[in-house]
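Chemist: have a look; sequence and predicted model below, questions after that.
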Amino acid sequence: MMTCEYNLYDPSWCPGCGNYMIRKALKQALEELEIPPHMAVVVTGIGQAAKMPHYIGANGFNGLHGRALPPAIGIKLSNKELTVIAESGDGDTYGEGGNHFIHTIRRNVNIAHFVHDNQIYGLTKGQGSPTTAMGQVTTLQYDGVKVEPVKPLALSLTMGAGFVARGFSGDIPQLVELMKEAIQYRGYAHLDIFQPCVVWNKVNTFQWYKDRVYKLPEDYDYTDFNAAYQKSLEFGDKIPTGILYKVEKEIYEDRFQFIKDGPPLVDAQLDPMDAEKLLKDFY
Amino acid sequence: MDYTILIGGAAGQGIETVVLLLEKTIKRSGYNVFTYKNYMSMVRGGHNFMQVRFSDRPVTTYSTKVDMIFAMTSETVDFHMGNLKKDGIVILDEELHKDRDFMHLPLQSIAKDIGNQKVVPTIGFGVIGKYFGLDPEIAKDALGETFKDKVLQMNIEALNKGYELTQTEFLLEKKKDDKIIINGNQALALGAIAAGVKYYCGYPMTPSTSVMSYISAKSKEMGIVVDQIEDEVGALNMALGASYAGTRAMTGSSGGGFALMVEALSLAGILEQPVVVVNAQRPGPATGLSTRTEQADLRFVIHAGHGEFPKMVITLRNPEDAFYQTARAFNIAEKYQIPVVIMTEEYLTDYMMTVEPFDFSRVEINRNFSWELDDTNERYKRYKYTETGVSPRLIPGKLKGVEILVDSHEHNEYGNIDESIETRNSMMKKRMKKLEGLKEELMEPEQLGAENPEILLVGFGATHGALLDAVTRLNEEGLGVGALVYGDIWPFPTKLINKLGKDAKKIITVEQNMTGQLESLILEKTRLEIFDRILKYDGRAINGDEIISGLKSILEG
Amino acid sequence: MNYSILIGGAAGQGMDTLAQLLTKSLKRHGYFVFKHSDYMSRVRGGHNFIQIRFSDNQVYTYEDKVDIIYALNKETIDLHKDRLKEGGIVLADKAVGDNEDLLILELEDTAKTAGNSRAVTSVGMGVILKLLGLDPKPALEVIESTLKDSIVEVNKEAFGKGHEMVESRFGLEQKEDKRILIDGNTAVALGAAAAGCRYYCGYPMTPSTTVLSNMEKWSGELGIFTEQVEDEVAALNMALGASYAGVRAMTGSSGGGIALMSEALSLAGIIETPVVIINVQRPGPATGLPTRTEQADLRFVIHSGHGEFPKMVVSLRSVEDAFYQTARAFNLAEKYQIPVILLSDQYLADGETTAEPFDFKRVDIERNLHEGDLPEGRYKRYLLTDSGVSPRIIPGKFEDKLVLVDSDEHDEYGNITESSLVRKSMVDKRNKKGDLLEGEVQEPWIMGDDKPENLIVCWGSVYGPVKEALGLLQKDGYSIGALVYGDIYPFPTKTLKEKSKFAKKIIDVENNSTAQLDGLMREFALIKSDEKILKYDGRAFSVDELYNRLKEVVE
């Protein structure tokens, strides 16, 4: 086996689930970037998307619902050499984990964040999610969802994310490129990925997405915030995919001198006597 | 008679359908039914199975051995053959396990002829129905409740075809049907609705979700706000707001979601805000086994919340408990102005059982408001000191000149922040005093079996059915076994266990957790000696057979 | 000898700085010092007071009665004048009071002369030290090293003038100063730093915040990553990520914040990732009394987290304990791959005491990470072993070895499983660690008589008051001893069972209302206490209160 080949394991996803495509793209992206599996960590919460660490041969941290981002930050700050990918569904990320989503962007830690956005709760069988359309009838909202959906890309843009993109599980070549860009981007990279949930979401089907997504044109300027913001709100008959926004920003890790200039924190030599000098203040 | 049919297949194959049809038809033929459900945490694929047990006597647990297996996959046979009785039969499609001596039927090909593979379970239902001589009209009515239009037609055709495939080997005579068949979560939801719940907020988490979806389905009809909130922290905080404003409010989750409610539970304690919280337990820690069962959150729930404040914890033992105790919980919450936590378990949330129809006239709604307080000259004291520790409660916006202030800090009688020693001491005493009244109202555990047992089994929650079964059978064998099954469990009732425990030769606890949490409570509160324990914590429910064999091996030493 | 000085006033009047300077100065004179603060949860206004007690013997708690009251406002005089010992002095500026019984001086005016009316407290300090008969030099040095350069001179000047304003009344002598002066939270932070903790994240919550701020202060110097996170849920989840990646990580909070960590605590249990958490207790429930003290979270913390998994709970008894036990906690967490929870409280956290300088040589760092080769094939993070502890590696360090941790029930590789057999074996495995842990716990400290007729049982910071009260009762001739629990879960029962054989009375002394220690004794040792001395008004026991209440119940 080549050092950069990622094993795949049998998933428990439904046949036709968009997760299969996303996994395919992830494997390809990681391999094309030649990131050795032992240097990659996939950090997830809970949901069908969050089972990813079990189905692809990288390091994995499958934590609690809504809590993929905090451990991802902890891991990255502890060992800046690891490639850290936080990955979860729309419910996990924008609902249960909403607060962490907002504040992670503020930090701008160098991690990639892939959100499997199928606009429904899959694992728990069909309740509305933070991105389900208003009025859609679900297995819980019998009368239709009564709240407006989150606008994830607009939200991350507003919060100041330096990399905001959208992909679609039905376009693997594009998705591979987007994932590679997100992983390589120096800072927090938000990639929201449309995928159909074949069992629970009869509205946002594969065809529904296919009919609406279009690639941002070659000459689109992704350094233009206002253009990006407009694109992020485009969610009707046409929904843009690609990189909406990408600018350089200082990363969180660089604001800690000893992390920026020193070895990874995990490699620091530990000696209690190094701390003894602190006692002088107390004499 | 006592018969068990096991139906197994992959998720998405429709085994729930055949089980539902069987349950309804057999029950409506006048028999007691108990369906034990086993799900994997998958939406498609994997292996799920259910056991439908029926009898002319009440059935409260599932059998280890089964009489019939209806297999949708060949895997089903592999997994469960070991539990098939010697003269049991296996019904399956003719293409599966061709070489074995089973009742092979052309299920798939008949379905193909009808025009839809999805009707296979219904054909199976037809076969089983004919086998037991069940009235096809009852079966068709059941179909009509599940399907409509063309799909119904296809299913009726499938049913008829199924009936043609076999003979009646075991006639179930029609008897009087006056029961309901229901699962623990439906019963719980009904209890809440009967008690006047008007606000349910929660976050989907197996196995609590079906409480919320049931209430949501009745939301319009019964006028109940149901809110699927962004997270569990929000859920309990929101319910407290609703309660403060005067509606009976409720929330629920499972272990991990309940863990996120712990801070707000403490809030409920100091606000003295009535609220009912459901913890539908599943195996932990953390995400654990989402679709399996356990009762390992007992100590966690009893001590949940920082600081000290009174709370009540009730563990549900069966669907009747789920109905009546839930309704009672709302009264207690409002009577003492405390949070009441109802603990159920995946096993109870999912199993279906025939029970006496719930008597809604037994449910009382006692709000315990103090409308007589009309004296608007004096500022209202939300936390007025009283003999019992319970202050007269009003809700905002109802009486002119009366403003209600509640506060999460330590506070004085008006609800204003107060750090003084005197106030702190008085308020702590006041809140804890409420427990004394509550203790008078506690229901002792249910006693089963022998009056003055030599061997006393002690359990709580959903092991009730298995304990009842085990104790009944052991008594029939002549063994002096009795059991106490706790429902009200905190504050911990000690009268009955002290009485029986002193005379019993051996006290043996039966629990679905590893560390013996009920045992630890008994030790702490009574210091009685526990002889031994029967513990099962592999994610599956314990049944009567297992308790009997567990007990026998303990007694044999 | 034994003196107490009380400084009282409203928030914002400068009493903190004064107390800091005074305490340090007294220490430099060679005395054992104990500083205890009583704050309201306000930034301005209200009433706060600080008591500084000093002696030529170790002191562990505060006294009810004081020798000197320095009142920064009139309210202080009204609230505390009854607490004055015979011969005690109440010192105040002329603007504050006007009474023959008081020592009224022109403190503010003097400060203005020195150059800044805000230096008034330094004038006061000068007065106090002169009253005590102490040499001004140490105090001047403390002012120099503590205050900002821009205000050092004016404060030294003010202090000098205060010193000249009065005559000495209590002629105290200079002694040798070889101790440190430190509070509980700082001691905890030092212990963590010594133990190689390089990741500390938390959310500000009184009274735990100064653990975070201390770590933050040393962050650059020692290379510790510290962060104020968005909420407490993030805090523990993040620390677990850091620990998974191989860095010793810690977080902390108080009651309500700890409550928000319950789910992640359960996560720590099932992913078997080591972590240290500190709960600096304050009175609850909910927001309770943010700046006061209590020890009512014992049962809550012991049973925190749904499901069953081994954890260790250690209560901190003194500042030395805080240092050494925190350092030890990291070793235990990594040895057993469990969460270790430290229980402190506001009283210990904020109480500054003199102590023997911590001996950093006594701290060992034992990572218990797997070294050397691993068997062929996929790495099993959760390998079933006799002890229940699996060999642990961190991600990125072994080529071809991947580390998978999972919050679902899992097999040896970390993959999701639903098998009943695997489930059972994993529960057994995790619990096995708990059994081993029982062999590791330290018995409680034993104090007093060897075979006491009266046996006090207590835990945590009640140690201080108990030690002093015990000494007084022994002097009175009672047969009395005490057990002070530090390691408290798993609950050590050996010493308790031994001592309870001779004891006629077991007396449970705690800062909570439901006697939580007593519940543990009943559950694990089938022993109950005969008397309970409980205090839950948000304040710690003074030596006087505890002594008097014990006297009422001892045989």
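Modeler: On my side now, so go ahead.
Chemist: may I ask which helix or strand encompasses residue 226?
Modeler: You didn't pick a chain, so chain A it is. According to DSSP states H and E, residue A:226 maps onto helix A:225-233.
Chemist: sorry, should have said chain C
Modeler: Secondary structure assigned from DSSP H and E places residue C:226 in strand C:225-228.
Chemist: nearest residue to the residue of the stretch 51-200 of chain A found nearest chain B in space, please, no chain neighbours.
Modeler: Here the stretch 51-200 of chain A gets closest to chain B at one residue, residue A:124, 4.2 Å apart by CB to the nearest CB. Any C-beta I mention is one placed from the backbone N, CA and C, and that applies to glycine too. Nearest non-adjacent residue to residue A:124, counting by CB to CB, 6 or more residues apart in numbering or on different chains: residue B:204, 4.2 Å away.
Chemist: next, count neighbours for that neighbour.
Modeler: When neighbours are defined as other CB atoms under 10 Å in any protein chain shown, residue B:204 has 23 of them.
Chemist: what sits against residue 172?
Modeler: Using chain A here. Residue A:172 sits next to A:21, A:24, A:25, A:28 when contact means CB atoms under 8 Å, 6 or more residues apart in numbering or on different chains.
Chemist: correction: the question concerned chain C.
Modeler: Residue C:172 sits next to C:1, C:29, C:132, C:133, C:134 when contact means CB under 8 Å, 6+ apart.
Chemist: what strand or helix carries the residue of the stretch 101-250 of chain C found nearest chain B?
Modeler: Across the stretch 101-250 of chain C, the shortest distance to chain B (CB to the nearest CB) belongs to residue C:233, at 7.4 Å. Residue C:233 is located in helix C:232-244, with elements delineated by DSSP H and E.
Chemist: related to what we said a few turns ago, doesn't residue C:262 make contact with the residue of the stretch 101-250 of chain C closest to chain B?
Modeler: No: contact criterion CB atoms under 8 Å: residue C:233 and residue C:262 do not qualify, at 9.5 Å.
Chemist: pull up the overlap in contacts between those two.
Modeler: Contact with both residue C:233 and residue C:262 is made by residues residue B:260, according to CB under 8 Å, 6+ apart.
Chemist: neighbour count for these two, which is higher?
Modeler: Each of residue C:233 and residue C:262 has its neighbours counted (other CB under 10 Å); residue C:262 has more, 30 against 27.
Chemist: so residue C:145 versus residue A:281, what's the distance?
Modeler: Look at residue C:145 and residue A:281: by CB to CB, to the nearest Å, they are 9 Å apart.
Chemist: what does residue C:438 give?
Modeler: For residue C:438, the distance to residue A:281 - CB to CB - is 39 Å.
Chemist: with residue B:449 instead?
Modeler: Distance from residue B:449 to residue A:281, by CB to CB: 69 Å.
Chemist: how about the residue of chain B at minimum distance from chain A, nearest residue that isn't a chain neighbour?
Modeler: Going by CB to the nearest CB, chain A is nearest to residue B:44 of chain B, at 3.7 Å. In space, and not counting its chain neighbours, residue B:44 is closest to residue A:14: 3.7 Å by CB to CB, 6+ apart.
Chemist: any chance of the backbone angles for that neighbour?
Modeler: Per-residue torsions, residue A:14: phi -70, psi 150 (degrees, to the nearest 10).
Chemist: wouldn't it be in contact with residue A:200 here?
Modeler: No: Residue A:14 is beyond contact range of residue A:200, at 9.4 Å (criterion: CB under 8 Å).
Chemist: count of residues packed around the closest residue to chain A within chain C?
Modeler: Closest residue of chain C to chain A, CB to the nearest CB: residue C:241 (2.7 Å). When neighbours are counted by other CB under 10 Å, residue C:241 registers 31.
Chemist: check contacts around it.
Modeler: A:43, A:61, A:70, A:71, A:72, A:73, A:74, A:75, A:78.
Chemist: quick check, the helix or strand containing the third one touching chain C?
Modeler: Mapping residue A:70 onto the secondary structure by DSSP H and E places it in helix A:69-78. Yes: using CB under 8 Å from any CB of the partner chain as the criterion, contacts between helix A:69-78 and chain C involve A:69, A:70, A:71, A:72, A:73, A:74, A:75, A:77, A:78.
Chemist: among those, who's most crowded?
Modeler: With neighbours taken as other CB under 10 Å, the top of these is residue A:71, carrying 35 neighbours.
Chemist: now do that residue against residue C:202, distance only.
Modeler: In this view, residue A:71 and residue C:202 are 16 Å apart by CB to CB.
Chemist: cool, and residue A:185?
Modeler: 29 Å.
Chemist: stretch C:481-500 near chain B anywhere?
Modeler: No: Stretch C:481-500 lies out of reach of chain B by CB under 8 Å from any CB, never closer than 10.9 Å.
Chemist: list the buried ones in that stretch?
Modeler: C:481-493, C:496, C:499-500 (16 or more other CB atoms under 10 Å in any protein chain shown).
Chemist: quick check: mean pLDDT across that stretch?
Modeler: For stretch C:481-500, mean pLDDT is 98.
Chemist: just how off-centre is it within its chain?
Modeler: Centroid separation for stretch C:481-500 versus its chain: 20 Å, with CA atoms, centre = their mean, to the nearest Å.
Chemist: how long is that stretch end to end?
Modeler: By CA to CA, to the nearest Å, the extent of stretch C:481-500 from end to end equals 11 Å.
Chemist: ok, for residue C:473, nearest residue in space, not its chain neighbours?
Modeler: residue C:480 (5.1 Å).
Chemist: by mean pLDDT, which helix or strand of chain B comes out lowest?
Modeler: In chain B, the helix or strand scored least confidently by mean pLDDT, DSSP states H and E is helix B:219-222, which has a mean of 89.
Chemist: kind regards, and thank you for your time.
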